[in-house]
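Asker: Give me the fold of what follows.
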Amino acid sequence: MYAIYLIVYGIILTGVLGVIASWIDRKVTARIHYRVGPPFLQPVIDIIKLMGKETVVPEGASKTTFLLAPIMGYASISVASAILWMNQLEVTQGFLGDIIVVIYLLTIPSISLMLGGFASGNPLARVGASREMKLMLSYELPFIFAILVPIIKSNYSLRLGQILASQAGGNVFALSFSGAIALIVSIICIQAKMGIVPFDIAEAETEIMGGVIIEYSGTPLAIFRLMKHMMLFTLPFFLIILYLGGFNFQGIGILYSILKYVLMLVIIVVIKNTNPRVRIDHAMRFFWGPATIASIVAIILSILGI
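Answerer: Numbering: from 1, shown residues only. Model prediction:
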């Protein structure tokens, strides 16, 4: 049963939906810039072309770590998505503490980027990996604090299925004051998790020419790209489960579910296209300051029942 969820939902379905989300992101971004944008299959074509190119390992790099890093990130996001789908489709299939497992798995893509950057031996890649490490240490704290709000509101449950059940009947947590604050903080944090503007500090093509992925080519780079596409679906999906009652695949609920994800994706794309890249020290100051304070306020309000 778990293998089916992993292969069908975690790998295949999430991969397809992630590629579609990436195309929507690129298309909307192009329209904002008064360009036509790529054709529908362009993200797939890009990945296939990369997989057909030679994989070059830099001289002096730690070959094993360099090549395993993208596989580790891809595997973690696949398993995390499988757990989310398992709870979404059948709440009784979840297990105690599955939300903790998902949070842990969602940190591994960033760790894989750091490992790949440090293992490459390239000075610019190491600068990017250092930035990724600092950024991760910054956003994880307010992100975890924000996730405590739906846990508190679901009677301190650590099961994703129970969190979904607590929002049955349209009583979604995002409609409460504390839930809305936590959702806003979470959206900003996943922006940093995905490494997109204004938090694309670790890659920063105009500054460090790709940073952590500067030395990657061929299949490993394709795997990193696919991992990024899958994160563009999985992270909003996680927030929809926590704050917006998850997806509904019955009747008109299908359209409502699509609209929820599209709205989340539009917010991410708008943030991406209306903000400049921030400096790493500014990002750290923001996440350890206003973002963390806002998440703590949300926790206090949720405990008080507001």
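Asker: what packs against the lengthiest helix in the chain?
Answerer: Ordering each helix of the chain by length in residues (DSSP state H) puts helix 123-153 first. Applying 3 or more Cβ pairs under 8 Å, 6 or more residues apart in numbering; DSSP states H and E, we find helix 123-153 packed against helix 98-105, helix 108-120, helix 160-166, helix 177-193, helix 205-208, helix 218-243, helix 280-286, helix 292-303. For every residue, glycine as well, the C-beta is placed using N, CA and C.
Asker: Lowest mean pLDDT across those, which one is that?
Answerer: For the helices and strands packed on helix 123-153, mean pLDDT drops lowest on helix 205-208, to a mean of 80.
Asker: Could I have the CA atoms of it written out in PDB?
Answerer: In PDB, the C-alpha atoms belonging to helix 205-208 read as follows (Å, rounded to 0.1, in the frame of the first residue of the first chain):
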ATOM      1  CA  GLU A 205      22.600  33.900 -10.900                       C
ATOM      2  CA  THR A 206      23.500  37.600 -11.300                       C
ATOM      3  CA  GLU A 207      25.900  37.400  -8.300                       C
ATOM      4  CA  ILE A 208      27.400  34.000  -7.900                       C
END
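Asker: ok so, going back, for Leu89, which of the helices and strands packed on helix 123-153 is the nearest?
Answerer: Closest to Leu89 of these is helix 160-166 (Cβ to Cβ; 10.4 Å).
Asker: next one: that closest one to chain centre, how far?
Answerer: Helix 160-166 has its C-alpha centroid displaced from the chain centroid by 21 Å (Cα atoms, centre = their mean, to the nearest Å).
Asker: what residues does that helix touch?
Answerer: The contact list for helix 160-166 (Cβ atoms under 8 Å, 6 or more residues apart in numbering) reads 83-84, 87-88, 91-94, 98-99, 102, 150-151, 153-155, 157, 173, 241-242, 245-246.
Asker: Taking these, please make a PyMOL selection of just the buried ones.
Answerer: Entered in PyMOL, the line below selects the buried ones among those, by 16 or more other Cβ atoms under 10 Å:
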select buried, resi 83+84+87+88+91+93+94+98+99+102+150+151+153+154+157+173+241+242+245+246
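Asker: if we can go back for a sec, TSV for the helices and strands packed on helix 123-153, including distance to Ala30?
Answerer: Below are the helices and strands packed on helix 123-153 laid out as TSV (distance: least, Cβ to Cβ, whole Å):
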stretch	distance to Ala30
helix 98-105	32
helix 108-120	26
helix 160-166	35
helix 177-193	20
helix 205-208	17
helix 218-243	16
helix 280-286	26
helix 292-303	33
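Asker: Val28: which of those helices is closest?
Answerer: Among these, helix 218-243 comes nearest to Val28, with 12.3 Å by Cβ to Cβ.
Asker: Run through who's touching stretch 227-235.
Answerer: With contact meaning Cβ under 8 Å, 6+ apart, stretch 227-235 is reached by 14-15, 17-19, 21-22, 25, 43, 70, 73-74, 77-78, 80-81, 84, 106, 109, 112, 190, 193-195, 261, 265, 268.
Asker: Show me which of those are buried.
Answerer: Buried among the contacts of stretch 227-235 by 16+ other Cβ under 10 Å: 14-15, 17-19, 21-22, 25, 43, 70, 73-74, 77-78, 80-81, 84, 106, 109, 112, 190, 193-195, 261, 265, 268.
Asker: nearest residue to Ile267 other than its sequence neighbours?
Answerer: Closest residue to Ile267 apart from its sequence neighbours, by Cβ to Cβ, 6 or more residues apart in numbering: Ile187 at 6.2 Å.
Asker: wait, Gly170
Answerer: Nearest to Gly170 is Gly245, by Cβ to Cβ, 6+ apart, at 7.1 Å.
Asker: wait, isn't the one you found in contact with Gly179?
Answerer: No. If you go by Cβ atoms under 8 Å, Gly245 and Gly179 don't touch, sitting 11.0 Å apart.
Asker: what do these two both touch?
Answerer: Val172.
Asker: and the residue nearest to Gly10 when sequence neighbours are not counted, helix, strand or coil?
Answerer: The shortest distance from Gly10 to any non-neighbouring residue, by Cβ to Cβ, 6+ apart, is to Ala82 (3.0 Å). Assigned by DSSP: H, G, I helix; E, B strand; the rest coil, the conformation of Ala82 is helix.
Asker: what do you get for the one 5 residues further on?
Answerer: At Asn87 the chain is in helix, as set by three-state DSSP.
Asker: From Gly15, how far out is it?
Answerer: 19 Å (Cβ to Cβ, to the nearest Å).
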